[in-house]
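> Sequence first, predicted coordinates after that:
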Amino acid sequence: MASSETKAQQALEPLRQQIDEIDSQLVALLAKRAKVTAQVGKVKQHYALPVYVPAREQALLTARCEQAKQLGVSPELVEDILRRMMRESYQTQESGFVCCGELGAKVVIVGGNGALGKRFTSLFQRSGYEVQIIGPNDWANAEAICANAVLVLMAVPITLTKTLINQLPLLASHCVLADITSIKQAPLTAMLTKHNGPVVGLHPMFGPDVTNLVKQVVVVCHGKAQAQYQWLLTQLTVWGAELCEKSALEHDQAMQLIQAMRHFSSLVYGVHLAEEQADLNELLQMSSPIYRLELAMVGRLFAQNAELYADIMLSSKAMTQVLQRYQQRFSQLLQLLENHDKAGLIAQFSKGQHYFGDLAQQFLQESKQLLQKAADSRS
């Protein structure tokens, strides 16, 4: 008589064959969908349309999730699958881009051999521009390189940006002078002083490791003659970026919290773990998905260039004051902990709840998706 395990395998085999057949059909459908999305990309590029259209994406998700409910399928599962497919489809739509400026026009990237500089070099080249680079050894020829350029883009370290802006030769009156530095007031002031033509400050809120610019934010700080650099802003949206317009002051104040403070906090936590000689493998073995994700974000910092992040943290003179206030609040809450003041801790928690308001629930839902992915990647 066959064992229970043998009988179970015999019962499972035809079901597994059905699953294999369905999965094979799914792969074939994905291939078919990819061909269609590639055609969509060509049409979008022909008419200079953005790769990412939020309204279209949301309409698609809403319709398919409603269909899932009617068929008794989890809408969350369908949304997960669709979002992953759409992320892939944006890749297939990125084979080439329409030129929103003058086809074949010269774009000069100062620091184009750097990590982020290379990313923009590739984007401009794939959009039909002629790209030339000014590196550390090219300044003797800077005048010839910049001659007749429609754009000179500064993609150099924060500490060198102002100095190298001042080293630029006289640019043509129609040439756009822009930068992609993570601070904006000082570079924008330097560019406005140096160049009589169109000037704009840009801050890509992403690193060079992004696969594409879809849904990536680029902060725009207007300088002067916006109409003359509108083609550049349109080019960014065609690449898929979302533009966020802010004054240079507003940008730099926000970056104190978004970048410098966050990086400093991660630095302190990572150094604390090192000083405590914590066993990272043991921490990961016992970690919940949320702690694993938090640890990953801290560890990500230490995979980056130390000088770059030190410059970001040192870029704001007001940063020290912000961190001192943070330290004071940390000490205040630590005192509540030392005093076993449960009511005091709850009061502080309530203050945070009131501040985040409805966004707390939104963040809860968003974080659930991230935590599911963190759990899926656990090995």
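All right, it came through fine. Numbers count the residues shown, from 1 in each chain.

> okay, CA-based contacts and neighbour counts for the rest of this
Fine.

> the domain parsing of this structure - what is it?
Domain segmentation of the chain under automatic domain parsing yields 13-92, 106-246, 251-376.

> quick one, which of the ones you listed is packed in tightest?
Sort these by mean neighbour count, taking mean count of other CA atoms under 10 Å, and domain 106-246 sits at the top with a mean of 19.

> possible to save the domains of the chain as CSV with mean pLDDT and distance to residue 7?
Listed next are these as CSV, based on pLDDT from 0 to 100; distance: least, CA to CA, whole Å:
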stretch, mean pLDDT, distance to residue 7
domain 13-92, 87, 10
domain 106-246, 95, 48
domain 251-376, 89, 31
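
> export the ones you listed to JSON lines and tack on distance to residue 98?
Shown next, in JSON lines, are these (distance: least, CA to CA, whole Å):
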{"stretch": "domain 13-92", "distance to residue 98": "5"}
{"stretch": "domain 106-246", "distance to residue 98": "5"}
{"stretch": "domain 251-376", "distance to residue 98": "30"}
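
> Go through the ones you listed and name the closest to residue 5.
Closest approach to residue 5 among the domains of the chain (CA to CA): domain 13-92, 12.2 Å.

> element containing residue 345, please.
helix 342-356 (DSSP states H and E).

> who touches the very next helix or strand once past that helix?
Moving toward the C-terminus from helix 342-356, the next helix or strand (DSSP H and E) is helix 359-376. Residues from elsewhere that reach helix 359-376 (CA atoms under 8 Å, 6 or more residues apart in numbering): 289-290, 292-293, 353.

> Which residues does the helix holding residue 345 contact?
By CA under 8 Å, 6+ apart, the surrounding residues in contact with helix 342-356 are 333, 336-337, 360.

> Need these in CSV (columns: distance to residue 306 and secondary structure).
Converted to CSV, these look like this (distance: CA to CA, whole Å; DSSP: H, G, I helix; E, B strand; the rest coil):
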residue, distance to residue 306, secondary structure
333, 31, helix
336, 35, helix
337, 34, helix
360, 33, helix
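
> Mind naming the longest strand for this protein?
Longest strand in the chain by number of residues, with DSSP state E as the criterion: strand 217-224.

> before we move on, the earlier item: can you check what angle separates the helix holding residue 345 from helix 359-376?
When axes from the mean of the first three to the mean of the last three CA atoms, to 10 degrees is applied, the directions of helix 342-356 and helix 359-376 differ by 100 degrees.

> Provide a list of residues in contact with the residue positioned nearest the centre of the chain.
Nearest residue to the geometric centre of the chain (CA atoms, centre = their mean): residue 206, 3.5 Å. Neighbouring residues of residue 206 by CA under 8 Å, 6+ apart: 216-217.

> which residue ranges form the helices in the stretch 151-300 of the chain?
Counting by DSSP state H, counting those that start in this stretch, the stretch 151-300 of the chain has helices at residues 158-167, 185-194, 226-238, 248-255, 261-275, 280-286, 289-301.

> would you list those in a markdown table and tack on distance to residue 33?
Output for the helices of the stretch 151-300 of the chain, formatted as a markdown table (distance: least, CA to CA, whole Å):
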| stretch | distance to residue 33 |
| --- | --- |
| helix 158-167 | 43 |
| helix 185-194 | 44 |
| helix 226-238 | 22 |
| helix 248-255 | 40 |
| helix 261-275 | 40 |
| helix 280-286 | 38 |
| helix 289-301 | 32 |
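
> Of those, which is nearest residue 22?
With CA to CA, the closest approach to residue 22 among those belongs to helix 289-301: 30.8 Å.

> CA atoms of the next helix or strand after that closest one as PDB?
Next helix or strand after helix 289-301 toward the C-terminus (DSSP H and E): helix 306-314. This file holds the C-alpha atoms of helix 306-314, laid out as PDB (Å, rounded to 0.1, in the frame of the first residue of the first chain):
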ATOM      1  CA  ALA A 306      32.300  59.000   2.600                       C
ATOM      2  CA  GLU A 307      33.500  62.400   1.300                       C
ATOM      3  CA  LEU A 308      30.300  63.000  -0.600                       C
ATOM      4  CA  TYR A 309      28.100  62.400   2.400                       C
ATOM      5  CA  ALA A 310      30.400  64.400   4.700                       C
ATOM      6  CA  ASP A 311      30.100  67.300   2.300                       C
ATOM      7  CA  ILE A 312      26.300  67.000   2.300                       C
ATOM      8  CA  MET A 313      26.200  67.000   6.100                       C
ATOM      9  CA  LEU A 314      28.600  70.000   6.300                       C
END
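
> angle of helix 306-314 against helix 261-275?
130 degrees.

> Mind giving me the packing neighbours of helix 306-314?
Counting contacts by 3 or more CA pairs under 8 Å, 6 or more residues apart in numbering; DSSP states H and E, helix 306-314 is packed against helix 158-167, helix 261-275.

> Please repeat the previous calculation with a cut-off of 10 Å.
helix 158-167, helix 261-275, helix 319-338 (3 or more CA pairs under 10 Å, 6 or more residues apart in numbering; DSSP states H and E).

> show me the residues around residue 153 that make contact.
Residue 153 makes contacts with 107-112, 117, 120, 133, 165, 176-180, 200-202, as judged by CA atoms under 10 Å, 6 or more residues apart in numbering.

> And it, how close does it get to residue 122?
14 Å (CA to CA, to the nearest Å).

> Quick check: neighbours shared by the two?
In contact with both residue 153 and residue 122: residue 112, using CA under 10 Å, 6+ apart.

> out of the helices of the stretch 151-300 of the chain, nearest to residue 216?
Proximity to residue 216 (CA to CA) singles out helix 226-238 among these, at 9.9 Å.

> Which strands and helices lie in contact with that closest one?
Using 3+ CA pairs under 10 Å, 6+ apart, helix 226-238 sits against helix 115-126, strand 149-154, strand 176-179, strand 199-204, strand 217-224, strand 242-245.
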